[in-house]
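[1] build the 3D model from these lines:
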Amino acid sequence: MLCNERKIPLIFLQDVTGFMVGTKAENEGIIKDGAKFVNVQANSVVPKFTVILRNSFGAGNYAMCGKAYDPRLIIGWPTTRLAVMDGSIAANTVLLTKKNLSEEEKKEFYEKIKNKYDEEMSPYYVAARMMLDAVIDPRDTRNILIQGLEVAENNPDMPEYVTGTLRI
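    Prediction:
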């Protein structure tokens, strides 16, 4: 909120596996805290830049300025993995619905789902589907962000910052 009030661009460095789930996480306030983060993110008016260093899964991707929040630039390193969830977790989740399979069929099904996820979360697959603007050499990160900030500086007009309702 402070960055929006002072018109300071936001830079997000992602390595996020998502939000914790379950009764314990819910009792500790993950939903309320996550909602506050997403609310501020959705209403932000300053230029946003996102660099995915490694993992970018699920709601964590949204909270850390994923493509849905329209960052000016979203780039990833070759180590980027972008998906709803990790391939092994997805495969195990889908396997829960396959109760009639033998152990061999379960193993085969698991490998098929996991391999599909692993392929589709690669940075090159994701960039080809326009979920990343570029896959970059990590050594170029600073210069690319500087260029993005310089371009954003040439567009000083920003809408008024309005937070909506935040329950604290």
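
[2] pairing partners for Val16 in the sheet, please.
    In this entry, Val16 is beta-bridged to Ser56, by DSSP bridges.

[3] Ala63 versus that one, what's the distance?
    8 Å (CB to CB, to the nearest Å). C-beta here means a position set from N, CA and C on the backbone, and glycine is covered the same way.

[4] and Asp70, by the same measure?
    14 Å.

[5] same deal with Thr80?
    For Thr80, the distance to Ala63 - CB to CB - is 17 Å.

[6] then Ser56?
    From Ser56 to Ala63 the distance is 10 Å (CB to CB).

[7] the two: which is more packed in?
    Ser56 (30 against 22; other CB atoms under 10 Å).

[8] so that one sits against Thr79, correct?
    No. With contact defined as CB atoms under 8 Å, Ser56 does not reach Thr79; the gap is 10.8 Å.

[9] common neighbours of Ser56 and Ala63, please.
    Val16 (CB atoms under 8 Å, 6 or more residues apart in numbering).

[10] would you point out which residue is most central in the protein?
    Asn61 (1.8 Å; CA atoms, centre = their mean).

[11] wouldn't that residue be in contact with Val16 here?
    Yes. With contact taken as CB under 8 Å, Asn61 and Val16 are classed as touching, separated by 6.8 Å.
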